[in-house]
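*Asks:* Okay, sequence plus prediction incoming.
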Amino acid sequence: MGTKYVFITGGVVSGLGKGITASSLGRLLKNRGYKVVNQKFDPYINIDPGTMSPYEHGEVFVTDDGAETDLDLGHYERFTDVNLTRNSSITSGKIYQSVIEKERKGDYLGKTVQVIPHVTNEIKDRIYSFENSDVDIVITELGGTVGDIESEAFIEAIRQVGLEKPREDVLYIHVTLLPYISGSNELKSKPTQHSVKELQSFGIKPDILVCRSEIEISEEIRQKIALFCNVRPENVIPNLTAENLYAVPIMLEKQGLAVAACKHLKLENILPNNEAWEKMLDKIRNLKEEVKIALVGKYMLLQDSYLSVAESLRHGGFANSAKVDIGFIDSETINENNVADILKEYDGILVPGGFGSRGIEGKLCAIKYARENNIPFLGICLGMQMAVVEFARNVLGIKNANSAEFDEETSDPVIHIMETQKEITKKGGTMRLGAYPCKIKKDTLAYKIYGEEDISERHRHRFEYNNDYKERLEAAGLICSGTSPDGSLVEIVENINHPFFIAGQFHPEFKSRPDRPAPLFKAFIKATLENKK
């Protein structure tokens, strides 16, 4: 079987769940025995979302190979349990950068460089990059909505794929909105009709429509959409609001999405094996306990800034048969005087990653409160660094302890940029990105959690633990239980005088799955349940 291609576009409005649809279809096809890989095209001109504000675009997801990507890749990985690469995250910026570099090198032999064919060929190269591999099906989601001026080159490229490949190897799925008008008590199909018409004007006829709706879609509406949009009635797939995120694949299965895709692509394995996923859903529906977790961060205007962290907390809850109620708390609102009032109702405290000095003092207050009151604490990246700063200040009495990120002139940079990185930093290449190995010391909480000495976790940070302070910190109880294999970089710290106080320099949330939670999150929720009792 040659490689099959599925393209998912969106119309009417953004935020309809294209990413969840792409992720769900990936899981359903994987459950039929196919090797699936997801890919995201983002039409914005940025090279990647790495320098974009979390308020602008939500969290930055990081792959094993160090790509900074759109948050939809997190959905893809959580649903399909496939570790993606930089080939799965393509922006207009990357495409144009590559085309311009080729033009400068003379690769186009003096030709006039144009959107067609040069830009579209570059896009198609990324689509076809999975050929000659073991991938059976490539599911490509196009960000934004059809008609956006930024996405026209991508639309043209995926149209060309439909011409270059056999008809049964290319499937176009269009996700649209069916708005509900409460005054007339009816769903309106006209926005969907207009969206399909727009897509057809670019030369693409959708094979399947996934219609987002808040209420059930009647057979009459389904038939009407099929007729006016030139799609078979069985290929008009309702996408209703699900009870939880992970129920969407089974809901779309029941509505016939995967079967319609299999028939169009002439895939032999039409019958799925959804048993394990359904068993997980049953577990989610029957959570017996509840814990309240304070997520103390600085990007609270958009909760998608902490999407993977929030999902990982829920995964940890699933493994412990507990519903996790997350309190998103702005660290700028916390100070020494009100910290107890704000955090007293929570069973556990998590301080996530971030950049910049804003809201740092509030994070330090939250960490101190967790340490002094024996409340289970999990620190991630910047959260780990702040745990070191807080301990140095309030336990060791090093009043000027700080991170060089916030005060370059501090006399006690317990967090700093290592000498070996300073020259690299001056040149603009700064961050430790992607998967790095970590060696865990035996007889530590970290070893108890992971159950092995050698692990790998994904990173996204610039500053590191300063080993000059290691001896004093460890002597006072904040030990380094995980380091790089050569011992030069500190990856995990834990407070041995606390029931559960642990922090990692990495981002464990990027590898967490609903049916296989990240060990740190699973252990954190377990500790909060035990502490609650």
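*Replies:* Arrived safely, thanks for sending.
*Asks:* Pull the distance from stretch 354-374 to the chain's centre.
*Replies:* In terms of C-alpha atoms, centre = their mean, to the nearest Å, the centre of stretch 354-374 is set 24 Å apart from its chain centre.
*Asks:* And for stretch 153-171?
*Replies:* 28 Å.
*Asks:* Once you drop chain neighbours, what's closest to residue 515?
*Replies:* Distances taken as C-beta to C-beta, 6 or more residues apart in numbering put residue 280 closest to residue 515, at 4.8 Å, once the chain neighbours are dropped. All C-beta atoms are positioned from the backbone trio N, CA, C, and that covers glycine.
*Asks:* Tell me who's in contact with that neighbour.
*Replies:* Residue 280 makes contact with 246, 318, 514-515 under the criterion C-beta atoms under 8 Å, 6 or more residues apart in numbering.
*Asks:* Mind telling me what element it is part of?
*Replies:* According to DSSP states H and E, residue 280 maps onto helix 275-285.
*Asks:* Go through that helix and flag the buried ones.
*Replies:* Neighbour-count burial for helix 275-285, counted by 16 or more other C-beta atoms under 10 Å, picks out 277, 280-281, 284.
*Asks:* Then stretch 440-452?
*Replies:* 440, 444-447, 449-450.
*Asks:* chain center to that stretch: distance?
*Replies:* Using C-alpha atoms, centre = their mean, the offset of stretch 440-452 from its chain centre is 27 Å.
*Asks:* quick one, the helix or strand that contains residue 318 and helix 275-285 angle?
*Replies:* Residue 318 belongs to helix 307-319 when elements are defined using DSSP H and E. Using axes from the mean of the first three to the mean of the last three C-alpha atoms, to 10 degrees, the inter-axis angle of helix 307-319 relative to helix 275-285 is 90 degrees.
*Asks:* Just checking: what are the partner strands of the helix or strand following helix 307-319?
*Replies:* Using DSSP H and E, the helix or strand that directly follows helix 307-319 along the chain is strand 322-330. With DSSP bridges as the test, strand 322-330 is paired with strand 289-297 (parallel).
*Asks:* State the mean pLDDT of the strand it pairs with.
*Replies:* Regarding strand 289-297, the rounded mean pLDDT is 96.
*Asks:* contacting residues around it?
*Replies:* Outside strand 289-297, the residues that touch it by C-beta under 8 Å, 6+ apart are 305-306, 309-310, 313, 317, 320-331, 334, 342-343, 345-352, 354, 359, 362-363, 366, 525, 528-529, 532.
*Asks:* from the residues you listed, which would you call buried?
*Replies:* Neighbour counting by 16+ other C-beta under 10 Å classes 305-306, 309-310, 313, 317, 320, 322, 324, 326, 328-329, 331, 334, 342-343, 346-352, 354, 359, 362-363, 366, 525, 528-529 among those as buried.
*Asks:* can you list the buried residues of helix 275-285 in CSV and add pLDDT and distance to residue 257?
*Replies:* Rendered in CSV, the data for the buried residues of helix 275-285 read as follows (pLDDT from 0 to 100; distance: C-beta to C-beta, whole Å):
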residue, pLDDT, distance to residue 257
277, 97, 14
280, 97, 19
281, 96, 17
284, 96, 21
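*Asks:* Which member of the residues you listed is positioned nearest residue 267?
*Replies:* residue 277 (18.7 Å; C-beta to C-beta).
*Asks:* how much space between the closest one and residue 138?
*Replies:* Distance, residue 277 to residue 138, using C-beta to C-beta, to the nearest Å: 22 Å.
*Asks:* ok, residue 138 - how many residues close by?
*Replies:* Counted by other C-beta atoms under 10 Å, the residues lying close to residue 138 total 23.
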